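In: Take a look and give me a structure for this.
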Amino acid sequence: MGESPRIDWTEDGEARSARWRSERGAAPPAKVQAVDDRLTADEALALAGQGIGLLWRGDFHNARQLIVAMAHRLDRPARKAKGKAAPAASIVDRFNQVRQTRAQRARTLGMLLVPLEPDHAIPLRRAPDLREAFIEAWGPGDGASVVSLRELQGIVGAHEWRLKGVDVKALGGKIHPHYGVFAPIRSEYVDLVAKAPLPAALASKSLAFDVGTGTGVLAAVLARRGVKRVVATELDERALACARDNVKRLGLASRVDVSKTDLFPEGRAPLVVCNPPWLPGRPSSPLENAIYDPGSRMLKGFLAGLAAHLSEGGEGWLLLSDLAEHLGLRSRDDLLADIAAAKLTVAGRLDAKPTHPRAMDATDPMHVARSKEITSLWRLVAAG
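Out: Next up, the predicted model:
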């Protein structure tokens, strides 16, 4: 691994440097300007639009107010151009345009920067002590650093989620997501695993695999349903720590083994469960890895290897939303062809309508697609 990126600037006639932190993989701004409470939102947007990093030296609460004002200006509806309206773009074009707009918005807002001391303390007036949240995300401090205020707010939000946890009705308990691990705030896929009929083959060998466990929520649900041993696999270090923490909190550590493995563990099981990222596409940041699956790698890998990891009479449960189909990113025929190519047969399917707020938000640019979305549990068996 190479050295961490650094950010360089001149302040008070002195050359300065610090470690650059960006979980979304943003490059450090080539130019940095120290600013304070005198900076207006319009001035901030003009400088940020030129790619100039704005290193905040004023009051911390004023920085928070400034980024809100910048966001409000960016989110104003654009004036309609005179003349004929442009032809309606395809749903794929609209989706890509939305992603591009959001990425540009994130880049612009990400130019408001906050300095951190070597121990992660924020050396600004009225700054809260957020060191616990930063240590959870990054580990102990190892020198002065600079982070965008927007990413700092994301870390604080993740810390609050981790403290209070997410209620999971199917568990009768809470899951505590760690920073960088996708929280199970959408309950429909968890509920499908909680109510789907268990394969009869589990009676002779009570073993299940949870491929790509994330927070460990599905592995925990299976253990709660009576599966005596669940092997949950993950590659991401944060997810591994998160899943282990959650199964321990739930008193299931003796029944759920969290293993650092790419896709499948060794052996066969009567039940193999996988909830891959639902959208084919390239993540714009590491934090989007739970949403976007480049080239449908995980989905295709799960299908291709499933038959070889199912014991006789076993089932593979694929948890997948059809949002990608409504966005024109993948067809149902493509999915069925991949299933057939893997020498699998669909034994059944359970469906659920999403209940999360975005599915009901008519102002969402993707509302037409989201309003049609169905989340399914595909029961797959090895072809005879």
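In: ok, which stretches of the stretch 1-150 of the chain are helices?
Out: In the stretch 1-150 of the chain, the helices defined using DSSP state H, counting those that start in this stretch lie at 41-49, 60-74, 91-109, 131-138, 149-164.
In: list the helices and strands the shortest one packs on?
Out: Contacts of helix 131-138 with other secondary structure elements, assessed using 3 or more Cβ pairs under 8 Å, 6 or more residues apart in numbering; DSSP states H and E, are made with helix 149-164. (Glycine included, C-beta is placed from N, CA and C.)
In: The residue lying closest to Phe95 once chain neighbours are set aside: neighbour count?
Out: With Cβ to Cβ, 6 or more residues apart in numbering as the criterion, Phe95 has its nearest non-adjacent residue at 4.9 Å, and that residue is Leu327. By other Cβ atoms under 10 Å, 23 other residues sit near Leu327.
In: is it true that Leu327 touches Pro280?
Out: No - using Cβ atoms under 8 Å as the test, Leu327 is too far from Pro280 to be in contact (9.7 Å).
In: hmm, back to that, show the model's pLDDT score for the residue nearest to Phe95.
Out: On pLDDT, Leu327 comes in at 89.
In: Could you check how far it is from Gly51?
Out: 31 Å (Cβ to Cβ, to the nearest Å).
In: do the same with Ser22
Out: Distance, Ser22 to Gly51, using Cβ to Cβ: 14 Å.
In: if you count what's nearby, which of those two comes out ahead?
Out: Ranked by neighbour count (other Cβ under 10 Å), Ser22 and Gly51 place Ser22 first, with 17 against 13.
In: ok, the more buried one - contacts?
Out: By Cβ atoms under 8 Å, 6 or more residues apart in numbering, the contact list for Ser22 reads Pro5, Pro28, Gly110, Val147, Ser148, Glu151.
In: Would you indicate which residues of stretch 137-153 are buried?
Out: For stretch 137-153, a neighbour-count test (16 or more other Cβ atoms under 10 Å) marks Ala137, Trp138, Gly141, Ala144, Ser145, Val146, Val147, Ser148, Leu149, Arg150, Glu151, Leu152 as buried.
In: From the rest of the structure, what touches that stretch?
Out: 7, 18-24, 26, 28, 55-56, 63-64, 67, 106, 109-120, 130-131, 134-135, 155, 158-159, 179-180.
In: distance between that stretch and the chain's centre?
Out: Offset of stretch 137-153 from its chain centre (Cα atoms, centre = their mean, to the nearest Å): 19 Å.
In: Dump the C-alpha coordinates for that stretch into PDB.
Out: Provided in PDB are the C-alpha atoms of stretch 137-153 (Å, rounded to 0.1, in the frame of the first residue of the first chain):
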ATOM      1  CA  ALA A 137     -14.300   4.900  11.500                       C
ATOM      2  CA  TRP A 138     -10.600   5.300  11.200                       C
ATOM      3  CA  GLY A 139      -8.900   3.900  14.200                       C
ATOM      4  CA  PRO A 140      -6.600   5.900  16.500                       C
ATOM      5  CA  GLY A 141      -5.200   9.200  15.300                       C
ATOM      6  CA  ASP A 142      -1.900   9.200  13.500                       C
ATOM      7  CA  GLY A 143      -1.200  12.800  12.700                       C
ATOM      8  CA  ALA A 144      -3.000  16.000  11.700                       C
ATOM      9  CA  SER A 145      -5.500  15.500   9.000                       C
ATOM     10  CA  VAL A 146      -8.200  17.300   6.900                       C
ATOM     11  CA  VAL A 147     -11.600  15.900   6.100                       C
ATOM     12  CA  SER A 148     -14.600  17.400   4.300                       C
ATOM     13  CA  LEU A 149     -17.400  18.600   6.600                       C
ATOM     14  CA  ARG A 150     -19.800  16.500   4.500                       C
ATOM     15  CA  GLU A 151     -17.900  13.200   5.200                       C
ATOM     16  CA  LEU A 152     -17.500  14.200   8.800                       C
ATOM     17  CA  GLN A 153     -21.200  14.500   9.100                       C
END
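In: Could you give the average pLDDT over it?
Out: Regarding stretch 137-153, the rounded mean pLDDT is 94.
In: residues contacting the nearest residue to Ile91 once chain neighbours are set aside?
Out: Here the nearest residue to Ile91 in space, its sequence neighbours aside, is Gly328; by Cβ to Cβ, 6+ apart that works out to 4.9 Å. Contacts for Gly328 (Cβ under 8 Å, 6+ apart) come out as Ser90, Ile91, Val92, Phe95.
In: ok so, going back, looking at the buried residues of stretch 137-153, which is nearest Gly226?
Out: Ala137 (35.8 Å; Cβ to Cβ).
In: Check Thr296 and give its pLDDT.
Out: Careful, residue 296 is Ser and not Thr. For Ser296, pLDDT reads 92.
In: show me the contacts for it.
Out: Counted by Cβ under 8 Å, 6+ apart, Ser296 has contacts Pro280, Arg330, Asp338.
In: Compile those residues into CSV and extend it with columns for pLDDT, distance to Glu234 and secondary structure.
Out: Shown next, in CSV, are the contacts of Ser296 (pLDDT from 0 to 100; distance: Cβ to Cβ, whole Å; DSSP: H, G, I helix; E, B strand; the rest coil):
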residue, pLDDT, distance to Glu234, secondary structure
Pro280, 88, 21, strand
Arg330, 92, 24, coil
Asp338, 96, 23, helix
